[in-house]
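*Asks:* Give me a 3D structure for the following:
(one chain, ligands or ions: 1)
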Amino acid sequence: MRRAIYPGSFDPVTLGHLDIIKRAAAIFDELIVCVSVNSAKNMGLFPPEERVELIRQVTDDLPNVKVDCAQGLVADYAKSHRARVLVKGLRAVSDYESEIQMAMVNAKLYPRLDTVFLYTRPKYAYLSSTVVKELARYGADLSDFVPRQIIGRVREKVAESGREYL
Ligand code: ADP
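*Replies:* From the prediction side, this is the model:
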């Protein structure tokens with residue numbers, strides 16, 4: 001079985017992420033979307049368990065997509081789940097440099113692991129979770145940015161959290 005892992009912060013999941021999830025799920029037998037908790041980064045807006053819940057909500061029509069949360073190295077996670085492919089989305093050349101470096105480090109840690117890059121659809125090229133949080137803070141329409149099922153929750157959470165998460 002070809003199992004792939006799509007790691008990221010997903011704070012929160014955007015339409016850009018969802019597009020990569022759907023395309024990867026059509027290529028691989030099973031896709032595990034893994035919310036990676038990186039201790040070096042700040043706490044973020046949503047706690048990891050809630051990010052997982054939001055991704056589950058928007059992928060419940062995709063039977064071969066699983067959602068999980070993990071601390072530590074993605075290479076270790078892939079090894080323990082017997083996955084040999086990491087999926088990453090590329091938006092711009094600026095993503096490329098750090099993603100290639102990470103792909104090489106991951107292959108060094110787990111030589112059977114390959115990273116597959118899916119290019120963004122141009123309509124999502126400018127989209128990131130940071131942009132979503134910033135727009136939500138100013139009350140902008142989020143319907144072009146996050147799946148419609150989670151718009152209300154993103155708004156609420158931003159209102160509750162004030163500026164702490166930025
Ligand atoms: P961000 O906070 O920038 O959205 P994440 O860590 O949540 O970053 O992203 C997880 C993965 O999804 C990364 O491989 C990232 O390059 C990719 N990604 C994020 N946004 C998009 C997008 N709009 N189109 C394609 N890939 C994306």
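*Asks:* Can you show me the strands along this structure?
*Replies:* In the chain, the strands defined using DSSP state E lie at 3-8, 30-37, 65-71, 85-90, 114-119.
*Asks:* Identify whichever of those strands lies nearest to Phe145.
*Replies:* Across those, Phe145 has its closest neighbour in strand 85-90 (15.0 Å, C-beta to C-beta). Placement of C-beta: from N, CA and C, glycine included.
*Asks:* now the closest one against strand 3-8, angle please.
*Replies:* When axes from the mean of the first three to the mean of the last three C-alpha atoms, to 10 degrees is applied, the directions of strand 85-90 and strand 3-8 differ by 40 degrees.
*Asks:* who does strand 85-90 touch, helix- and strand-wise?
*Replies:* Packing contacts for strand 85-90, counted by 3 or more C-beta pairs under 8 Å, 6 or more residues apart in numbering; DSSP states H and E, involve strand 3-8, helix 15-27, helix 93-109, strand 114-119.
*Asks:* returning to what we had before: now distance to Leu127 too, for the strands of the chain, in CSV please.
*Replies:* Formatted as CSV, those follow (distance: least, C-beta to C-beta, whole Å):
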stretch, distance to Leu127
strand 3-8, 13
strand 30-37, 17
strand 65-71, 20
strand 85-90, 10
strand 114-119, 13
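*Asks:* Turn those into CSV, including mean neighbour count, mean pLDDT and distance to the ligand.
*Replies:* Formatted as CSV, the strands of the chain follow (neighbours: other C-beta atoms under 10 Å; pLDDT from 0 to 100; distance: least, C-beta to the nearest ligand atom, whole Å):
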stretch, mean neighbour count, mean pLDDT, distance to the ligand
strand 3-8, 22, 98, 2
strand 30-37, 22, 96, 8
strand 65-71, 18, 97, 13
strand 85-90, 20, 97, 2
strand 114-119, 15, 97, 7
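*Asks:* ok, back up a step: looking at the helices and strands packed on strand 85-90, which is closest to Gly152?
*Replies:* With C-beta to C-beta as the measure, helix 15-27 is the member of those nearest Gly152 (15.8 Å).
*Asks:* any idea how far the closest one is from the chain center?
*Replies:* In terms of C-alpha atoms, centre = their mean, to the nearest Å, the centre of helix 15-27 is set 10 Å apart from its chain centre.
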